[in-house]
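Q: sequence and predicted structure below; questions after.
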Amino acid sequence: MAIYTVYFRRLLSERKEASAKSVSAKTNVKLVELEKESDNTVKVKFIYQTQYEPDFGLIEIAGDLYYSSEKDEIKKLVETWDKDKKIEDEASLKMLNHIFSKCSIEAALLAKETNLPVPFNLPKFRKKEE
């Protein structure tokens, strides 16, 4: 199983006029459509969204992920999607993790451009305790 690549179709970053002393960010990734591209490849459309509360801003990234595997697995993925609109756990985990890592980097750049907080915790240096 391999993931070819992720292509972004839409990038949106919006900061609203509201001001807040404390802002929280909730991020969600949703797989919205699966299409068979070839016997060994499917295209998965996704939406990555970070909502800043209380009604402070929004980052949304829509894109396509290309996923390649053996013919039998691709056939099973397409059949399961057509029937239940779900993707089996192992493939879904790989897809979601790949989307999340690609989009988180892009979301940090979008947040910078609209003066929103980065939507994830950045590593911090701490004094070593003796």
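A: Happy to help now that I have it. Because the structure is a prediction, the values reported are computed rather than measured.
Q: then Asn97 would be within a helix, right?
A: Yes. Under DSSP: H, G, I helix; E, B strand; the rest coil, Asn97 sits within a helix.
Q: what's near enough to touch it?
A: With contact set as C-beta atoms under 8 Å, 6 or more residues apart in numbering, Asn97 has no partners. Glycine gets a C-beta too; all of them are placed from N, C-alpha and C.
Q: now do the same for it: its pLDDT.
A: Looking at Asn97, its pLDDT reads 93.
Q: same thing with Met1?
A: Model confidence at Met1 (pLDDT) stands at 63.
Q: again with Thr50
A: 96.
Q: now it: how far from Ile99?
A: 13 Å (C-beta to C-beta, to the nearest Å).
Q: now Ser69: phi and psi?
A: As for Ser69, its main-chain torsions (degrees, to the nearest 10) stand at phi -160, psi -170.
Q: and it, how far from Lys75?
A: For Ser69 relative to Lys75 (C-beta to C-beta), the value is 10 Å.
Q: which one of the two has more residues nearby?
A: Per other C-beta atoms under 10 Å, whichever of Ser69 and Lys75 has more neighbours is Ser69, with 18 against 14.
Q: isn't that one up against Ala2?
A: Yes. Ser69 lies in contact with Ala2 (C-beta atoms under 8 Å); the separation is 7.2 Å.
Q: can you pull out the strands in the protein?
A: 2-15, 24-38, 41-53, 57-68 (DSSP state E).
Q: ranking those strands by mean pLDDT, which is last?
A: Averaged per stretch, pLDDT over the strands of the chain is lowest on strand 2-15, reaching a mean of 91.
Q: list the neighbouring strands of it plus their orientation.
A: Strand 2-15 has its sheet partners listed here by DSSP bridges as strand 57-68 (antiparallel).
Q: what's the spacing between the partner strand and its chain's center?
A: Relative to the chain's own centre, strand 57-68 is displaced by 5 Å; criterion: C-alpha atoms, centre = their mean, to the nearest Å.
Q: and the angle from that strand to strand 24-38?
A: Orientation check (axes from the mean of the first three to the mean of the last three C-alpha atoms, to 10 degrees): strand 57-68 against strand 24-38 gives 30 degrees.
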